[in-house]
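[1] Curious how this folds, go ahead:
(one chain, ligands or ions: 1)
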Amino acid sequence: MSSTNSNPDALTIKVKRLHPDAVLPKHQTAGAACFDLAAVAVHEDAPDFEITDVLSFSRCICPGERVTFHVGFSVEPPPGYALKVYSRSGHGAHHGIVLANGTGVIDPDYRGPLKVCLQNNGSEPFLVKKGDRIAQAMLERVHPVELVEVDELTETARGAGGFGSTGQGAASEADSEGGEL
Ligand SMILES: O=c1ccn([C@H]2C[C@H](O)[C@@H](COP(=O)(O)OP(=O)(O)OP(=O)(O)O)O2)c(=O)[nH]1
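    Modelled structure (predicted):
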């Protein structure tokens with residue numbers, strides 16, 4: 001089934017439902033940058049997403065553990081765009097729940113099931129139930145680029161200074177034992 005977008009300025013992300021219980025993504029408020037992704041299955045229970053009747057689940061993520069979830073749909077972004085998946089701020093701030101891969105990059109040509117891998121960096125077990133919103137995603141422009149090998153790069157004031165070289169966050173002596181960055 002397809003539907004049209006009511007906002008003439010909005011770009012269209014095609015969303016293909018892969019599971020009847022998938023919560024199709026939507027923005028929580030009119031001005032929200034991201035739309036939320038909800039868990040529909042635990043990846044270890046349905047690795048290839050062949051189980052069509054995934055029962056309700058309640059999966060505890062123990063401190064230090066990583067668990068991957070299916071969100072139950074695949075996407076096709078408009079040409080020139082990709083999706084990026086981010087942690088929910090509240091999950092990170094209150095529970096230490098973050099994406100195991102930092103930021104999920106959904107390639108524009110990826111047509112497989114969207115997955116979210118959560119990691120518990122907190123000290124308490126964290127419960128995820130079917131339908132819970134576990135991450136958020138936004139559409140981002142991907143400019144076509146070509147990588148060209150050169151002998152020299154343009155000189156700048158910063159030069160090779162990095163990793164705290166401007167003062168804030170400078171490496172301590174202990175940190176720098178492993179070498180200058
Ligand atoms: O959080 C994520 C990250 C990625 N993907 C999907 C979409 C993406 O296009 C594909 C591959 O991701 P990525 O390129 O980051 O993974 P890789 O480990 O570099 O593997 P690959 O060799 O497939 O590029 O996996 C997700 O479903 N969720």
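[2] can we go C-alpha only for contacts and neighbour counts from here?
    Fine.
[3] just for this protein, where's the confidence low?
    With pLDDT under 70 as the threshold, the chain has low-confidence stretches at 1-5, 48-54, 169-181.
[4] Packing partners of the longest strand seen in it?
    In the chain, assigned by DSSP state E, the strand with the most residues is strand 133-141. Contacting strand 133-141 under the criterion 3 or more CA pairs under 8 Å, 6 or more residues apart in numbering; DSSP states H and E are the following elements: strand 35-38, strand 81-86, strand 115-120.
[5] Let's see that with 6 Å instead.
    strand 35-38, strand 81-86 (3 or more CA pairs under 6 Å, 6 or more residues apart in numbering; DSSP states H and E).
[6] Quick check: which helices or strands does the last one pack against?
    In this structure, strand 81-86 makes packing contacts with strand 104-106, strand 133-141, judged by 3+ CA pairs under 6 Å, 6+ apart.
[7] Give me the contacts around that strand.
    Contacting residues not belonging to strand 81-86 are listed as 103-108, 135-142 [CA atoms under 6 Å, 6 or more residues apart in numbering].
[8] Name the member of those with the most neighbours.
    In terms of neighbours by other CA atoms under 10 Å, these top out with Ala135 at 25 neighbours.
[9] what's around Ser89, how many residues?
    Residues within reach of Ser89, counting by other CA under 10 Å, total 14.
[10] so which of the helices and strands packed on strand 81-86 comes closest to Lys26?
    With distances scored as CA to CA, the stretch of these nearest to Lys26 is strand 133-141 (9.8 Å).
[11] got the angle for the closest one vs strand 115-120?
    What separates the directions of strand 133-141 and strand 115-120 is an angle of 120 degrees, with axes from the mean of the first three to the mean of the last three CA atoms, to 10 degrees.
[12] Could you list the paired strands of strand 133-141 along with their orientation?
    strand 35-38 (antiparallel), strand 81-86 (antiparallel) (DSSP bridges).
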